[in-house]
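J.: sequence first, predicted coordinates after that:
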Amino acid sequence: GENVEQHPSTLSVQEGDSAVIKCTYSDSASNYFPWYKQELGKRPQLIIDIRSNVGEKKDQRIAVTLNKTAKHFSLHITETQPEDSAVYFCAAGENTGGFKTIFGAGTRLFVKA
Amino acid sequence: EAQVTQNPRYLITVTGKKLTVTCSQNMNHEYMSWYRQDPGLGLRQIYYSMNVEVTDKGDVPEGYKVSRKEKRNFPLILESPSPNQTSLYFCASAYRGEKLFFGSGTQLSVL
């Protein structure tokens, strides 16, 4: 079945460094790729998303890139801060009549002050 | 304030005792969905609904039921809960399935 693989499962960086999280999806029909951030004990919240007709999108310190040919997409966080510490989930969705969303297993990011 | 409200937040029950987790949204979203979150497995979709009276299975629908009689409500029903359904459950709503807005979650323990 459809699958989204996410790496790494854990990432530790020094404050001010960049963090990169990578995802690979299997369903060629996927056309929507959101990223969610979940702080400890809280609900997941959307931080950025990209559609299949766009290769890159940026919002302040966060950027997402998509390579449809390779079925890869990545989250880039620059100038990391302690409040960026959380679990990040990538997801791949397909909007063709219904809308199933497949999530990656998550990356726990630690930003050390 | 825009919100997705789930109840209860915590629930402990025993095997076989039917339960319902309620979910309500006030954003007039057409799309609603249920997920379960387990360590190392991320969020897995149980059921989703594109609109009133329209529901469809996600990846892990076995043992669950849903209904969508009103646009704002999307309850999750466990007819005969089993211990492997112990999990953290999230309801979410969205416009056309994009930009999901999640509820606060329901931690369910089935003994």
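T.: Sure, I can see it.

J.: the strands in chain B, which residues?
T.: Using DSSP state E, the strands of chain B run over B:4-7, B:10-13, B:19-25, B:31-38, B:42-51, B:54-57, B:65-66, B:76-78, B:87-95, B:98-102, B:106-110.

J.: which strands or helices does the first one pack on?
T.: Counting contacts by 3 or more Cβ pairs under 8 Å, 6 or more residues apart in numbering or on different chains; DSSP states H and E, the secondary-structure elements packed against strand B:4-7 are strand B:19-25, strand B:87-95. All C-beta atoms are positioned from the backbone trio N, CA, C, and that covers glycine.

J.: with mean pLDDT, mean neighbour count and distance to B:S80 added, can I get those in CSV?
T.: Shown next, in CSV, are those (pLDDT from 0 to 100; neighbours: other Cβ atoms under 10 Å in any protein chain shown; distance: least, Cβ to Cβ, whole Å):
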stretch, mean pLDDT, mean neighbour count, distance to B:S80
strand B:19-25, 98, 19, 10
strand B:87-95, 96, 23, 16
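
J.: of those strands, which is nearest chain A?
T.: Nearest to chain A among the helices and strands packed on strand B:4-7 is strand B:87-95 (6.6 Å), distances taken as Cβ to the nearest Cβ.

J.: tell me what the closest one is packed against?
T.: strand B:4-7, strand B:19-25, strand B:31-38, strand B:98-102, strand B:106-110.

J.: mind listing what the closest residue in space to B:V4 that isn't next to it in sequence touches?
T.: Using Cβ to Cβ, 6 or more residues apart in numbering or on different chains and skipping residues adjacent in sequence, the residue nearest B:V4 is B:G103, 3.9 Å away. Residues in contact with B:G103 (Cβ atoms under 8 Å, 6 or more residues apart in numbering or on different chains) are A:43, B:3-6, B:23, B:90-92.

J.: any idea which of the residues you listed is closest to A:L75?
T.: Using Cβ to Cβ, A:R43 comes nearest to A:L75 of the contacts of B:G103, at 18.6 Å.

J.: for B:H29, see how far away that closest one is.
T.: Note on A:R43: its distance to B:H29, by Cβ to Cβ, to the nearest Å, is 15 Å.

J.: who's more crowded, those two?
T.: B:H29 (22 against 18; other Cβ atoms under 10 Å in any protein chain shown).

J.: returning to that earlier point: for A:G106, which of the strands of chain B is the nearest?
T.: strand B:42-51 (5.1 Å).

J.: next one: that closest one to chain centre, how far?
T.: 7 Å (Cα atoms, centre = their mean, to the nearest Å).

J.: can I get the contacts of B:G103 in TSV with distance to A:S85?
T.: Listed next are the contacts of B:G103 as TSV, based on distance: Cβ to Cβ, whole Å:
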residue	distance to A:S85
A:R43	16
B:Q3	25
B:V4	25
B:T5	27
B:Q6	25
B:C23	29
B:F90	21
B:C91	26
B:A92	23
